[in-house]
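Colleague: 3D model of this:
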Amino acid sequence: MRTADNINEHHRLERLGAKEIVGDDFNIKGWTVVSEHNEIMGDVEDLLYNPLTEKVRYVVLKVNADYSQDTPNRVLIPIGIAELHPEEDVVVLIGVEQQHLERLPSYNYEELSDEAEMAIRLVFGPATHEEFSTFNGDAFYGNTQFDTERLYRNRK
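Modeller: Numbering: from 1, shown residues only. Okay, the predicted model is just below:
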């Protein structure tokens, strides 16, 4: 994913915001997010990406209060857990249930830290010793939870 804006030096990850997507990637902002059971979980409010690698890392999910009142209003979902619906402009979260969302830390861009990313990662599966010992972007984002190809596999 490439955008038309410059890199923010204060954060490793940037909000996509109103930046223009260049290339064949879908801009999924505003799309409805559902579980595998077609329960509406919320909407894609934004995406977080690494401007150096041009890879999306997270979906910013604005959680629907009707889905869960015990979940923070906004949470981060690793991009590799999401899939595009084959025909509709809908994002499906694979293997994600209400209890996953309830265990996620509340998302605040200004407070995003290595520790918060590790907490998110652990909600969706175990981490290796290398990932625990230090936040190493290559090892951390090399996990299938961050595989952007999984997002598009039903739509290309």
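Colleague: count the neighbours of the nearest residue to D147 once chain neighbours are set aside for me.
Modeller: For D147, the nearest residue in space outside its immediate sequence neighbours is G80; the separation is 4.0 Å by CB to CB, 6 or more residues apart in numbering. Backbone N, C-alpha and C define where each C-beta goes, glycine included. Other residues within reach of G80, judged by other CB atoms under 10 Å, total 20.
Colleague: what sits against G80?
Modeller: By CB atoms under 8 Å, 6 or more residues apart in numbering, the contact list for G80 reads 143-148, 150-151.
Colleague: tell me the buried residues in stretch 66-81?
Modeller: Residues of stretch 66-81 classed as buried under the neighbour-count rule (16 or more other CB atoms under 10 Å) are 67-68, 71-72, 74-81.
Colleague: surely V75 touches E102?
Modeller: No: here V75 does not reach E102: they are 9.4 Å apart, not a contact under CB atoms under 8 Å.
Colleague: three-state assignment of E102?
Modeller: Secondary structure assignment for E102 (DSSP: H, G, I helix; E, B strand; the rest coil): helix.
Colleague: quick one: buried residues of the lengthiest strand in the chain?
Modeller: Using DSSP state E to define each element, the chain has its longest strand at strand 40-50. For strand 40-50, the neighbour count (16+ other CB under 10 Å) marks 41-50 as buried.
Colleague: test my guess that Y141 contacts R57.
Modeller: Yes: under the criterion of CB under 8 Å, Y141 is in contact with R57, at a separation of 6.4 Å.
Colleague: comparing the two, which residue is more hemmed in?
Modeller: With other CB under 10 Å as the criterion, Y141 and R57 differ in neighbour count, and R57 comes out ahead with 23 against 20.
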